[in-house]
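In: just a sequence and a predicted model for now, questions to come.
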Amino acid sequence: MAQDNADAARGLAQRFWEGLLALEPMVGTYIGDDRYDDKLPDPSEDGIAKKKAFLEKSLADRSKIDAGGLDVELRTSLDVLENGCRRELNSIRWRMDRFSAVTHLFGPGNLLADIGSLQRADSPERVEKFAGRLSAIPTYLAAIGKVADEGAQIGQVAPALVVDRAIGQIERLLSLDPEASPGMNPVKAAAEEDRARVAKLLREEVWPAYGGYLETLRRYRPHARDTIGMLALPDGDAMYASCILSFTTLPLEAKRVHDIGLEQLAKIQDERRQIAERLGFADAPSAIKAHTESGKNTASSREDMLAQVEGQVRRSWEVAPRYFGRLPKENCQVRKVEAFREDDMPGAFYQPGTADGSRPGVYYVNTGHLSDRYLHQTATTSFHEANPGHHFQITIEMEFTDRLPLRRFGGFLVGDAFVEGWGLYSERLAEEMGLFQNDYERLGMLEAQGFRACRLIVDTGIHALGWDRDRAVQQMMESGTPKADAEIEVDRYISWPGQALAYMIGQLEIQRWRADAAKRAGSSFALKDFHDRLLALGSLPLGVLERELQS
């Protein structure tokens, strides 16, 4: 009976993963599985109905399996499946696709950059698949446009400022020569005839399709709303509660999250003041102002900034073996954000590699608005995005090759609470690792901590308390965020409700688990072992992680 149960769980996990890859072809590209590299997801009403039926059937099959006697691998695989299905079904219930259809953030405007950086076209078969995917873009964008039009017709519309950013993003993309666009990246080393074929597809099919999508956005713009929070929508409070649960994996009320942010920000501001006084200043802003006016806090060029970040990534890699028993097989690469999208992207972000090593993990650094990219902040960002943050956590999880694919690669199904919580925890850990080289970099770390505390305040302020954009931007600037970044960040929270809550909620849980483990183990507690155990469990809902850590 126990073996039958295990076989049923394993079979379901495998079927679910294969079905998911067929529905979401970009997931396969993301992890290095190229079977669906000639396809794009179906955002049409038929596609949504098909996905909904698949998720409901998977949940029904899950309910027939008793997880009590399963080993940790199968037990947590079912946890990922169940959590992922419920998250996606909630998204479908509230038709969140009507908002993502017109967003500048990870929306259609980023598709070509994603394909260009993720997809391989280094063989005749892969070139064929790449061409097939490019040819699918017109149908994909037309379906996205129809979703946007339907949202406009019924009044379920995005804020105007989000649509304006999306319009600007597409206009900048279309201003590029197709042959100089990210769409050519996969065939840079291909045969001349293959490059010519891709260039023709971009020029004759993809660019006109994006032109049509741009017209959709312009047609949509008069219908966009002046309000920015979900509270302004019918059932907006319930929609936002669903977003909080989706991204934190915990049943938290918006007001409680807001209060946690205020509490944490007060503690962090006190830490900042103490360091500022050590530097001889009354407060942290005065210290940073003097440091910036000295000319030492900005890079002399984009290349200079990139070189400094590369040094931080290298140093963190060298120190890591003292704190981790298991490291990724390879360090990550550092690259600049492409110029056409640097105005709409955050200061830095990590793009995972593939499990087989064919594509490395990449830490992207935004070198736009260079005068606002303060160097005292770059170190903590590097430790969050690269080592020992996202590159460690995501890559180590993928390198457990004996695991079911759902557990190796399915972390995106359970939200960002552990992934981003680990990234933020890594910033504090970097101080223990001796990675910050001076008190200004420590102030940068505390600014980043305050920044994430502000996210709890601002996200809930916008979507549950009725804040306007100016108040949200001002709150971010008071934590040390430059105005250009504060505006990009606030527009991100407006576009992506609840996601920004994952960082500090996840970090606080990890810190609590570590303290509990140290208390239980007493003098035998080994931080390296705690880290290895936590990273071996990988991306799971926070409640599931706590259960497994205590088992």
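Out: Perfect, thanks for sending it. Residues are numbered from 1 along each chain as shown.

In: neighbours of Arg218, just the number please.
Out: 13 (other Cβ atoms under 10 Å). To be clear about C-beta, it is placed using only N, CA and C from the backbone, and glycine gets the same treatment.

In: quick one: it from Leu173, how far?
Out: 15 Å (Cβ to Cβ, to the nearest Å).

In: do Leu59 as well
Out: In terms of Cβ to Cβ, Leu59 sits 38 Å off from Leu173.

In: between those two, which has more neighbouring residues?
Out: Legend: neighbour count by other Cβ under 10 Å for Leu59 and Leu173, higher for Leu173 (25 against 16).

In: the stretch 251-400 of the chain: strands as residue ranges?
Out: If DSSP state E, counting those that start in this stretch is used as the criterion, the strands of the stretch 251-400 of the chain fall at 333-336, 348-351, 362-365.

In: of those, which approaches Ala22 most closely?
Out: Ranking the strands of the stretch 251-400 of the chain by proximity to Ala22 (Cβ to Cβ) places strand 348-351 first, at 23.3 Å.

In: partner strands of that closest one, parallel or antiparallel?
Out: Within its sheet, strand 348-351 is paired with strand 362-365 (antiparallel), according to DSSP bridges.

In: run through who's touching the partner strand.
Out: With contact meaning Cβ atoms under 8 Å, 6 or more residues apart in numbering, strand 362-365 is reached by 117, 305-306, 309, 313, 332-337, 345, 347-351, 353, 378, 382, 385-386, 391.

In: from the chain's centroid, how far away is it?
Out: Averaging C-alpha positions (Cα atoms, centre = their mean, to the nearest Å) puts strand 362-365 13 Å from its chain's average.

In: and for stretch 109-127?
Out: 20 Å.

In: how about residues contacting it?
Out: By Cβ under 8 Å, 6+ apart, stretch 109-127 touches 26, 29-30, 34, 37, 129-130, 133-134, 137, 140, 166, 169-170, 173, 181-187, 189-190, 194, 197-198, 206, 210, 338, 340-341, 344, 351, 358-359, 362.

In: inside strands: which ones of those?
Out: Counted as lying in strands by DSSP state E, out of the contacts of stretch 109-127, are 351, 362.

In: phi, psi of the closest residue in space to Gly347 that isn't next to it in sequence?
Out: Leaving aside its chain neighbours, Gly347 sits nearest to Asn366 (5.0 Å; criterion: Cβ to Cβ, 6 or more residues apart in numbering). Main-chain dihedrals, Asn366, degrees, to the nearest 10: phi -90, psi 110.

In: against Arg469, how distant is Asn366?
Out: If you go by Cβ to Cβ, the gap between Asn366 and Arg469 works out to 21 Å.

In: and these two? which has more neighbours close in?
Out: Between Asn366 and Arg469, counted using other Cβ under 10 Å, the more crowded position is Asn366 (24 against 17).

In: that one contacts Arg341, doesn't it?
Out: No - judged on Cβ atoms under 8 Å, Asn366 makes no contact with Arg341 at a distance of 9.2 Å.

In: and for Arg95, nearest residue in space, chain neighbours not counted?
Out: Gln156 is the one closest to Arg95 (Cβ to Cβ, 6+ apart), at 6.4 Å.

In: the helix or strand of the chain with the lowest mean pLDDT: what's the following helix or strand?
Out: Ranked by mean pLDDT, DSSP states H and E, the weakest helix or strand in the chain is helix 483-495, scoring a mean of 91. Per DSSP states H and E, the first helix or strand lying C-terminal to helix 483-495 is helix 502-521.

In: what's that next one in contact with?
Out: 247-248, 250, 252, 257, 260-261, 264, 415-425, 428, 449, 452-453, 455-456, 525, 527, 530, 534, 542, 545-546, 549-550.

In: can you point out the buried residues in that helix?
Out: Within helix 502-521, the residues that count as buried by 16 or more other Cβ atoms under 10 Å are 502-510, 513-514, 517.

In: a markdown table for those residues, including distance to Ser479 and pLDDT?
Out: Listed next are the buried residues of helix 502-521 as a markdown table, based on distance: Cβ to Cβ, whole Å; pLDDT from 0 to 100:
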| residue | distance to Ser479 | pLDDT |
| --- | --- | --- |
| Ala502 | 18 | 97 |
| Tyr503 | 13 | 96 |
| Met504 | 12 | 98 |
| Ile505 | 17 | 99 |
| Gly506 | 19 | 98 |
| Gln507 | 16 | 99 |
| Leu508 | 17 | 99 |
| Glu509 | 22 | 98 |
| Ile510 | 21 | 99 |
| Trp513 | 26 | 98 |
| Arg514 | 25 | 98 |
| Ala517 | 30 | 97 |
